[in-house]
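Undergrad: compute the structure for the input listed below.
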Amino acid sequence: MIKIEEYRSGINIQQADYKSFSPSRINDQWTWEDGKINTLLSEANRKLGELDAYSTHVPDIDLFIEMHVAKEATKSSKIEGTRTEIEEAFKEDKDIAPGRKDDWQEVSNYIEAMNISIRKLENLPISTRLLKDAHKILMRGVRGEQRRPGEFRASQNWIGGATIKDATYIPPVHTELDELMSDMEKFLHNEKIEVPVLIRIAIAHYQFETIHPFLDGNGRIGRLLITLYLVSTGLLSKPSLYLSDYIEKNRRIYYDNLQNVKDKNDMAHWIKFFLVGIIETSEKGIATFKAILDLRKNIEEVLLPTLGKKLSTAKQLMKYLYRKPIVTVQDVQEELEVSLPTANSIISDFEKLEILTETTGWKRNREFEFTEYLELFKDK
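TA: As a prediction, the model looks like this:
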């Protein structure tokens, strides 16, 4: 049994000319006396349940989930230094400026890794295999693609500093990885212990980032793990909660809290920070869903009926825009399977209704943005 107040995070082990950190195993019963953890846990579960209710009551919820995934991809990648904005996540490769293609590809890979991993959960539990498969997709065709995509590292890595000698943190040696990751996986699935789901994933996320099993992409996989686990346990029906926005806004505190677990054995403070993140992110998600429903009601009950005979086509286009809020005339033509004049006509109608806004100012290759909808997923 591990008591959080008495937890010891691990030991530093002397290697050739540096010390690596060997974390304590986590697959055990966890207990705590800190009442604040219980209070935050109760509130986090309540808010998460309220957020998840939208997954079962909002029609076509998967359309809006795609926007949440796109926002997560841009935020999670931004933490690692990319500059892609959410608008660009919906563009085709050919429409991305050459200097931004690498960043755009990383975001696109993250979206694909998340979507494929969610589908795999139907037949495959959270496991090292699932994470390796996601990592392989994440690293495809981007910086780091030569650094063992889909495989644990076979050499030492480190965090901070130009060389290992001035690193701020040196993870465990590669020979420990299989045992450590197996221990983490067993902890997530151990039915013999009574540890709440949110406490488990808080501890497991810390452990994953501490192990740092890949040469590159650990941060993104570690954040992806949170959502995958919440879906796999049934705490979320749909992947509607992502912590990257919270982590990005509190980046320094996030890293300090993780480091303080290792340096000061302060697991309690990390768990409380994590639970606050669940609460705040759930609240923002709930507000976004409410705003989506208000926007949708106004468009479908007030604006679209003014189009008369075009109503059926307009409803088809709206479904498309909820999934892809930046489109070209060619996109609309192909999606709705209509003629080019019909696509131009319905887009013109949407412009007059102020649903779509032309953003390029060009006469050819124009792009149209569902601006009011996009704004709901941007920073407030």
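
Undergrad: surely Val338 is in contact with Thr313?
TA: Yes: here Val338 reaches Thr313: they are 7.1 Å apart, a contact under CB atoms under 8 Å. Backbone N, C-alpha and C define where each C-beta goes, glycine included.

Undergrad: who touches the residue most central in space within the chain in this structure?
TA: The structure's the chain has its C-alpha centroid closest to Glu72; by CA atoms, centre = their mean the separation is 3.9 Å. Counting by CB atoms under 8 Å, 6 or more residues apart in numbering, Glu72 touches 110, 114, 223, 227, 242, 244-245.

Undergrad: please convert the residues you listed to JSON lines, extending it with secondary structure, pLDDT and neighbour count.
TA: Listed next are the contacts of Glu72 as JSON lines, based on DSSP: H, G, I helix; E, B strand; the rest coil; pLDDT from 0 to 100; neighbours: other CB atoms under 10 Å:
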{"residue": "Tyr110", "secondary structure": "helix", "pLDDT": "86", "neighbour count": "32"}
{"residue": "Met114", "secondary structure": "helix", "pLDDT": "89", "neighbour count": "25"}
{"residue": "Arg223", "secondary structure": "helix", "pLDDT": "92", "neighbour count": "23"}
{"residue": "Thr227", "secondary structure": "helix", "pLDDT": "93", "neighbour count": "24"}
{"residue": "Tyr242", "secondary structure": "coil", "pLDDT": "87", "neighbour count": "23"}
{"residue": "Ser244", "secondary structure": "helix", "pLDDT": "87", "neighbour count": "24"}
{"residue": "Asp245", "secondary structure": "helix", "pLDDT": "88", "neighbour count": "22"}
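
Undergrad: need the residues you listed in TSV with distance to Asp263, can you?
TA: Output for the contacts of Glu72, formatted as TSV (distance: CB to CB, whole Å):
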residue	distance to Asp263
Tyr110	30
Met114	32
Arg223	22
Thr227	28
Tyr242	28
Ser244	24
Asp245	27
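
Undergrad: quick check: of those, which lies closest to Leu180?
TA: Arg223 (18.9 Å; CB to CB).

Undergrad: hang on, the closest one packs against Leu241?
TA: No: contact between Arg223 and Leu241 fails when scored by CB under 8 Å: they sit 11.4 Å apart.

Undergrad: neighbours around the residue lying closest to Tyr110 once chain neighbours are set aside, how many?
TA: Spatial nearest neighbour of Tyr110, excluding adjacent residues (CB to CB, 6 or more residues apart in numbering): Ala73 at 3.9 Å. The local packing of Ala73 (other CB atoms under 10 Å) involves 28 other residues.

Undergrad: next up, the contacts around Ile65.
TA: By CB under 8 Å, 6+ apart, the contact set of Ile65 is 55, 238-240.

Undergrad: check which helix or strand it maps to.
TA: Assigning secondary structure by DSSP states H and E places Ile65 in helix 61-79.

Undergrad: break the chain into its domains for me.
TA: 2-287, 300-375 (automatic domain parsing).

Undergrad: between the ones you listed, which one is nearest to Leu293?
TA: Closest approach to Leu293 among these (CB to CB): domain 2-287, 6.8 Å.

Undergrad: what is the end-to-end distance of that closest one?
TA: Terminal residues of domain 2-287 lie 37 Å apart, using CA to CA, to the nearest Å.

Undergrad: next one: it to chain centre, how far?
TA: 8 Å (CA atoms, centre = their mean, to the nearest Å).

Undergrad: just to check, Met343 is in contact with Thr328?
TA: Just so we're on the same page, residue 343 is Ala rather than Met. No: here Ala343 lies out of contact with Thr328, judged by CB under 8 Å, at a distance of 9.2 Å.
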